[in-house]
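K.L.:
Need coordinates for the following:
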Amino acid sequence: MNDRDRILALDRAHVWRPFTSLERHATGDDLVITGAEGAFVIDADGRRYFDATGAWWCQVLGYAHPRLVAALRAQAEVLPHVALAAATHAPAAELAAKLVEVAPKGDRRLSRVFYSDDGSTAVEVALKIAYQHAQQNGGAKRQRFLAFPGAYHGDTVGAMSVGAVDDFTSVFRPLLFRDRVRGADGTAPRTEAEWEALCARIEAHLATEGDTVCALVVEPLVQGANGMRFFGAELLRRLRDACDRAGVLLIADEVFTGFGRTGTMWACERARVVPDLLCTAKGLSGGMLPFAATLATDTVYEGFRGGMGRAFLHGHTFTGNPLGCAVALEVLRIFEEERVLDGVARRASTLRAGFERLQRHAGVSNARALGMVAAIDLGRGSYLEDDRGWKVHEAAKARGVLLRPLGDVIYAVPPLNVDEGELTGFLDALDASIADVS
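P.N.:
Next up is the predicted model:
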């Protein structure tokens, strides 16, 4: 047995893979990845694959950026971990200051940073902060959240509670605090008119029952797991204004959209909106480590003053881990020094044009793009039942491209700094793969 087969046998015997049926695990997905660089992963046979998923959307700078590898190595040699509750360290303090510096600017200021482990926990932190803030600052009636149908905010219980109950989460419905969430049920918007109607409903609810709501939770401009569905910046601006009128906090889940994915550092910037709480992960550590942060305004932070009885009693073992902080700080330096955002518009134009070209194939529709996110629809099947996306996935895999579709939605989230020749090569391979299937 060669080494590839040995690893695959151990995996199938002992690993429980995420978002994978046991039957598929037993017979499919036979890639054994041994390396990665730039936009590519490399398998045990030495074959390179353009990873259009960005390792679940986190590779904003590509795999194994040499500066991130160096930063991780240097920090590991000095201080790999220390508990943050009773002490601090330079990477945590310096990263917090830098995140505050690059945070969205406007009529309020995100000035405080609470660290956690991943996107789900960043959202969980924001939900708990919003609820506790209301309860101890004169808002005892504010015991509910507003959310979007079709939303995905993570897989912890709180994050699931403010997301859509769908193929991912329906079995857990009895465990969720859905009685405290309004708006997450129902059909997810797809058209501009449907988004407009949803915004109007939320505005109306905040106008009449806003004093019972502690926070509105949104994925700004892009619903990721719902199939890369976009809505306009003007709607986010309206929701910000409605929250202000009702005294409701706005939580922006920028776990996916942050760090340049939509073309600006934060999606909120495109709407000239500053949320009260902003969640970031994925690109925060350049895909190197599980690491996350929740940013808060001073107004929110000051609501926890008054001794341990009013403190935010929450944390994780690796909260503010020095390795994650050091790598994230280097990510921000790379964005600034290598002027990463300056190159996004040109690459985004290539990505958009490539996806629009795909609509000439039978059954392909609704090409859409925003920054370095692009998607098309192959139909209207469900995530679990529609196999057209997986057929395209297999055809693309044979051409050296990894897709992992969202049901019947094919999408791409390449690194912001992807080589333009490699981007064009990916688009050509995707075009040929869809031609095979359609």
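K.L.:
What helix or strand is the closest residue to residue 44 other than its chain neighbours located in?
P.N.:
Excluding its sequence neighbours, the residue lying closest to residue 44 (Cβ to Cβ, 6 or more residues apart in numbering) is residue 4, at 3.7 Å. Quick note: C-beta positions are derived from backbone N, CA and C, even for glycine. Using DSSP states H and E, residue 4 maps to helix 3-14.
K.L.:
Equivalent analysis for residue 41, please.
P.N.:
Residue 41 belongs to strand 40-43, assigned by DSSP H and E.
K.L.:
now the strands: where do they sit in the stretch 201-350 of the chain?
P.N.:
213-218, 222-223, 229-230, 249-253, 277-280, 292-297 (DSSP state E, counting those that start in this stretch).
K.L.:
just to revisit the earlier point, in this structure the residue nearest to residue 44 contacts residue 46, no?
P.N.:
No: counting by Cβ atoms under 8 Å, residue 46 is not a contact partner of residue 4; they are 10.5 Å apart.
K.L.:
Between those two, which is the more surrounded one?
P.N.:
residue 4 (15 against 8; other Cβ atoms under 10 Å).
K.L.:
per-residue pLDDT, that one?
P.N.:
On pLDDT, residue 4 comes in at 94.
K.L.:
cool, and the one 5 residues further on?
P.N.:
Per-residue confidence (pLDDT) for residue 9: 95.
K.L.:
Flag the shaky bits of the chain, pLDDT-wise.
P.N.:
380-386 (pLDDT under 70).
K.L.:
Determine the set of other helices and strands touching the strand holding residue 41.
P.N.:
strand 33-37, strand 48-51 (3 or more Cβ pairs under 8 Å, 6 or more residues apart in numbering; DSSP states H and E).
K.L.:
Run me through the strand neighbours of the longest one, direction for each.
P.N.:
Paired with strand 33-37 in the same sheet, following DSSP bridges, are strand 40-43 (antiparallel).
K.L.:
Identify all contacting residues around the partner strand.
P.N.:
If you take Cβ atoms under 8 Å, 6 or more residues apart in numbering as the criterion, strand 40-43 is touched by 4, 31-36, 48-51, 63, 402, 422.
K.L.:
6 Å - rerun?
P.N.:
31, 32, 33, 34, 35, 48, 49, 50, 51 (Cβ atoms under 6 Å, 6 or more residues apart in numbering).
K.L.:
Can you tell me which of those has the largest number of neighbours?
P.N.:
In the contacts of strand 40-43, the most neighbours by other Cβ under 10 Å go to residue 51, 26 neighbours.
K.L.:
now the residue nearest to residue 82 when sequence neighbours are not counted: how far from residue 332?
P.N.:
Spatial nearest neighbour of residue 82, excluding adjacent residues (Cβ to Cβ, 6+ apart): residue 89 at 6.0 Å. For residue 89, the distance to residue 332 under the criterion Cβ to Cβ, to the nearest Å works out to 17 Å.
K.L.:
what residues are up against the closest residue to residue 180 other than its chain neighbours?
P.N.:
In this structure, residue 180 finds its nearest non-sequential neighbour in residue 144, 5.0 Å apart by Cβ to Cβ, 6+ apart. Residues near residue 144 by Cβ under 6 Å, 6+ apart: 180, 182, 212, 213.
K.L.:
Distance check, the third one against residue 241.
P.N.:
Note on residue 212: its distance to residue 241, by Cβ to Cβ, is 19 Å.
K.L.:
ok, these two, which is more surrounded?
P.N.:
Using other Cβ under 10 Å, the more surrounded residue of residue 212 and residue 241 is residue 212, with 17 against 14.
K.L.:
returning to that earlier point: if I look at the residue nearest to residue 180, how far off is residue 205?
P.N.:
Counting by Cβ to Cβ, the gap from residue 144 to residue 205 is 10 Å.
K.L.:
Residue 287 now?
P.N.:
38 Å.
K.L.:
neighbour count winner among the two?
P.N.:
The residue with more neighbours, out of residue 287 and residue 205, is residue 287; 24 against 19, by other Cβ under 10 Å.
K.L.:
Run through who's touching stretch 214-231.
P.N.:
130-131, 134, 142, 145-147, 150, 152, 162, 188, 195, 236, 243, 248-253, 256-257, 262, 267-268, 368, 370, 373, 375, 406, 409, 411.
K.L.:
which residue sits closest to the residue nearest to the spatial centre of the chain in space, ignoring its chain neighbours?
P.N.:
Nearest to the mean C-alpha position of the chain, counting by Cα atoms, centre = their mean, stands residue 256 at 2.2 Å. Distance criterion Cβ to Cβ, 6+ apart; nearest residue to residue 256, sequence neighbours excluded, is residue 224 at 4.5 Å.
K.L.:
With distance to residue 96 as extra columns, can I get the helices and strands packed on strand 40-43 in TSV?
P.N.:
As requested, those are exported to TSV (distance: least, Cβ to Cβ, whole Å):
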stretch	distance to residue 96
strand 33-37	29
strand 48-51	31
